[in-house]
Every structure is written in structure tokens, then in C-alpha cells.
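Student: Sequence unavailable; structure follows:
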């Protein structure tokens, strides 16, 4: 019996080691992918000036918002989209163009919550609770964009604050040499260079296009595998954290949402954990609310991690757009949740909408199609 237990323990330990080795490999692949996207984008667009011309169609903030929303709703991963945006900024995409795209990624990621809540659609009361827990995330992010996108257009708040933060990180002076701290470039540059050499056989800009597309594929693979492995490693513990930490103190709940999301590297995963628990009546909507805001903040770690892989002339701008994501979510949490009138808007909207949706379930499909497809299409037509 003891020998059997020893074998099982050894097998479990070996499995855990393999899982953590996979995590390390996928983090490296993500860092490598961001470098490939940036290099490929520079190659295909002819440098920063070409990038500005290539993305002129997205210079309208509303178009940038639509692009971020569409992309994230399509692949259901804000981590993937924000990592790609970091790579594009590294390749010359202007930060001002990328900021609305980052905001759109916050909106697009909420599709996953709605889909999870539909698992309770056969039971009216459960569905009402689950759907309200899912859509409170939606309404909060929509309200955040409604407040901060006009503010950004008028004042450049996020751009200025994130620029200062990136400047502090890089010393804010040409006299400060950060090259000694760049431990990522030496382990990624040789592999990026190898792929660049492989694609040199392609004519014109197509080598850069191929390099960027391969980098994009690596982002998908790394985020997908990383999410699956971290779920196995952390989700069981995450559930324990949820039961202990949610309820009572909103700040504690926000901190739990942040930590769980950092642990599983996916706000979709952490919010999807809470929706079924809310549907089963374990947590109330007021308890779920601050937890989801913590998830918004926690998901910013992926973009920051991706930004740290960037070196060279655009390194500071890449870190800046990652800080934009972080400051957008922190600022929205402080302003909206900190002001009682604004705090109640997502709560009341989610509760009222869930009551209507539980009586007429076709509203759910209309909501998803309307918010994530019809509305963006209408905005495209209006801004052409």
C-alpha cells in the first residue's frame, strides 16, 4: 500500500513538474511571438512611417474601439489581443491609435461571461442570477469606455500618464542605460532572426507578413496552452480563494479577483468561475461586482509581460501601451466604483436586464448580436 502511494506521489510530482515546464515554455513562446509580430510589422510596413500610413484607417478613435472589440469578441481572449497590440506598437503602430483598441478589448472579452451564463438558461432563477453576474462585467466596461474614451480624446489623460510611467521605468533620460536590464532580448533575438532569415526568400513585403502571421499564431498557441495548463494548476486553488475571499469587504474581493486572474492568466477564466457560483446562489450580485473589477486589473499582467520582451527604439512605447491598459482599468474602478451614483449604474442595469432576459430568453441572443456585431457595424458606417 505504501509503495503504491509512493508511486502515485512520484507520478503526481512528475506531472506537476511537466506542467510548470510547459508554463515556462509558453511564456517564452509568447515573448518570442511579440518580437516576431513587431519585426514582421516593421518589415512589411517599411518602418514606423509605413505603420502610421497602414493604420490610418484606425486613426479614428471609434474605429480603433470597434477593431479591439471585434477582435476580442471573435477570439474571446483579451490577453491575446492586448499582446498583439503590444507587438504592433513595437512595430510602429502609434500609441494614440492603440489606446481605443485596448479599450475595445475590455468590451470584447465580456462575451465569454454571457456564453457561460447560458449554461443555466433552462432554469429561470439560476439563469437570472448567472446572467446578471455576467452582464455586470459588460455594463461596467461599457460605462468605463463611455467615460474614458471622450476624456482621452479631450485631454489625453491615459496617454500622458502612461508615457510618464514608461519614462520613469526607462529612467526618463538618455543618460540612463537600461540595456543591462534587458535579459529578454538575448534569448529571443536569435530565434526571431532565424525566422527572419527563413522568410527572406519571399518577395517584397511578404516575408514580413509571414513573420507577423507566424508570430500571431504563436500568440494564439501560447495563450491557449498557458490557459489550459494554469487552469489545471491553479483553478482548484482559485475556487478555494473565491469561497474565502469574496463577500463582505469589496477591496478584499477586488484583490482576490486580481490575484486569481494573475494566477490563471485569463480574466475570462476567473469571471467564468464566478458566474456559475452566482447562478447557484452561492454569491450575490453585489459580491460578484467588485471581484470582476479585480479581474479587469489582473488581466493587464499579460500585456505588461509581453511589453517587457520588446527592446530597441519602440520598447518604451510598447511598455506605455501596456501601462495604458493597467491605468484604464484602475482609473475606471476608482471613478465608477468610488462614486455611488456611477457604481449603481452597472448593478441596476445588470439586475434589470437579467430579469427581462429570464422572462424572454431571445433577448440574450439579440443582446450579443446587437452589442458585438450590429452596434460596431453601425459605428463603422457612421464614421466612414
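Tutor: Happy to help now that I have it. Values in this document were obtained by computation on a predicted structure and should not be read as measured data.
Student: What mean pLDDT does the strand or helix carrying residue 73 get?
Tutor: Using DSSP states H and E, residue 73 sits in helix 61-75. Over the span of helix 61-75, the pLDDT mean works out to 78.
Student: just checking, what packs against it?
Tutor: Applying 3 or more C-beta pairs under 8 Å, 6 or more residues apart in numbering; DSSP states H and E, we find helix 61-75 packed against helix 78-90, helix 95-108, helix 124-155, helix 375-382. Placement of C-beta: from N, CA and C, glycine included.
Student: Now do the second one against helix 61-75, angle only.
Tutor: Helix 95-108 and helix 61-75 meet at an angle of 40 degrees, taking axes from the mean of the first three to the mean of the last three C-alpha atoms, to 10 degrees as the criterion.
Student: Mind giving me the packing neighbours of whichever helix or strand comes after helix 95-108?
Tutor: The helix or strand immediately downstream of helix 95-108 is helix 111-117, counting by DSSP H and E. Secondary-structure packing of helix 111-117 (3+ C-beta pairs under 8 Å, 6+ apart): helix 124-155, helix 267-279, helix 362-369.
Student: thought residue 149 was touching residue 61?
Tutor: Yes. The pair residue 149 / residue 61 is scored as a contact, 6.2 Å apart, by C-beta atoms under 8 Å.
Student: what's the overlap in contacts for the two?
Tutor: Shared contacts of residue 149 and residue 61 (C-beta atoms under 8 Å, 6 or more residues apart in numbering): residue 100.
Student: on that earlier part again, roughly how far is the helix holding residue 73 from the heart of the chain?
Tutor: Helix 61-75 sits 12 Å away from the centroid of its parent chain (C-alpha atoms, centre = their mean, to the nearest Å).
Student: out of the helices and strands packed on helix 61-75, nearest to residue 115?
Tutor: Closest to residue 115 of the helices and strands packed on helix 61-75 is helix 124-155 (C-beta to C-beta; 8.5 Å).
Student: The closest one to helix 267-279, inter-axis angle?
Tutor: Counting by the same axes, to 10 degrees, helix 124-155 lies at 140 degrees to helix 267-279.
Student: Check which residues of helix 124-155 are buried.
Tutor: Under the neighbour-count criterion of 16 or more other C-beta atoms under 10 Å, helix 124-155 has 126-145, 148-149, 152 buried.
Student: Report the rounded mean pLDDT for the next helix or strand after that helix.
Tutor: Note on helix 124-155: by DSSP H and E, the next helix or strand toward the C-terminus is helix 157-169. The pLDDT scores in helix 157-169 average 90.
Student: picking that back up, any chance of the helices and strands packed on helix 111-117 in TSV, with distance to residue 205 too?
Tutor: What follows is the helices and strands packed on helix 111-117, written out as TSV (distance: least, C-beta to C-beta, whole Å):
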stretch	distance to residue 205
helix 124-155	32
helix 267-279	34
helix 362-369	36
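Student: among those, which gets the worst mean confidence?
Tutor: Mean pLDDT per stretch puts helix 267-279 lowest among the helices and strands packed on helix 111-117, at a mean of 74.
Student: If you count contacts, what does that helix end up packed against?
Tutor: Under the contact definition 3+ C-beta pairs under 8 Å, 6+ apart, helix 267-279 sits against helix 78-90, helix 111-117, helix 124-155, helix 206-245, helix 250-264, helix 285-298.
Student: what's the most buried one of those?
Tutor: Of all the helices and strands packed on helix 267-279, helix 78-90 carries the top mean neighbour count, a mean of 29, counting by mean count of other C-beta atoms under 10 Å.
Student: tell me the angle of it relative to helix 61-75?
Tutor: Orientation check (the same axes, to 10 degrees): helix 78-90 against helix 61-75 gives 130 degrees.
Student: Of all the helices and strands packed on helix 61-75, which one is nearest residue 259?
Tutor: Closest to residue 259 of the helices and strands packed on helix 61-75, according to C-beta to C-beta: helix 78-90, at 16.1 Å.
Student: orientation of the closest one relative to helix 285-298 in degrees?
Tutor: 30 degrees.
Student: Give me the mean pLDDT for helix 78-90.
Tutor: Mean pLDDT, helix 78-90: 80.
Student: gap between that helix and the chain center?
Tutor: Its chain's C-alpha centre and that of helix 78-90 lie 9 Å apart, by C-alpha atoms, centre = their mean.
Student: now swap in stretch 344-363 and tell me
Tutor: How far stretch 344-363 lies from its chain's middle: 25 Å, per C-alpha atoms, centre = their mean.
Student: can you check stretch 93-107 too?
Tutor: Using C-alpha atoms, centre = their mean, the offset of stretch 93-107 from its chain centre is 11 Å.
Student: now do stretch 290-297
Tutor: With C-alpha atoms, centre = their mean, you get 12 Å for stretch 290-297.
Student: Check stretch 84-104 too.
Tutor: Stretch 84-104 sits 13 Å away from the centroid of its parent chain (C-alpha atoms, centre = their mean).
Student: Between the two ends of it, what distance do you get?
Tutor: Taking C-alpha to C-alpha, to the nearest Å as the measure, stretch 84-104 stretches 13 Å from start to finish.
Student: Number the residues from 45 up from this point.
Tutor: In the new numbering, first residue 45, that becomes stretch 128-148.
Student: Now distance to residue 65 too, for the helices and strands packed on helix 311-323, in JSON lines please.
Tutor: Below are those laid out as JSON lines (distance: least, C-beta to C-beta, whole Å):
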{"stretch": "helix 122-134", "distance to residue 65": "21"}
{"stretch": "helix 155-161", "distance to residue 65": "28"}
{"stretch": "helix 168-199", "distance to residue 65": "33"}
{"stretch": "helix 250-289", "distance to residue 65": "10"}
{"stretch": "helix 294-308", "distance to residue 65": "18"}
{"stretch": "helix 329-342", "distance to residue 65": "24"}
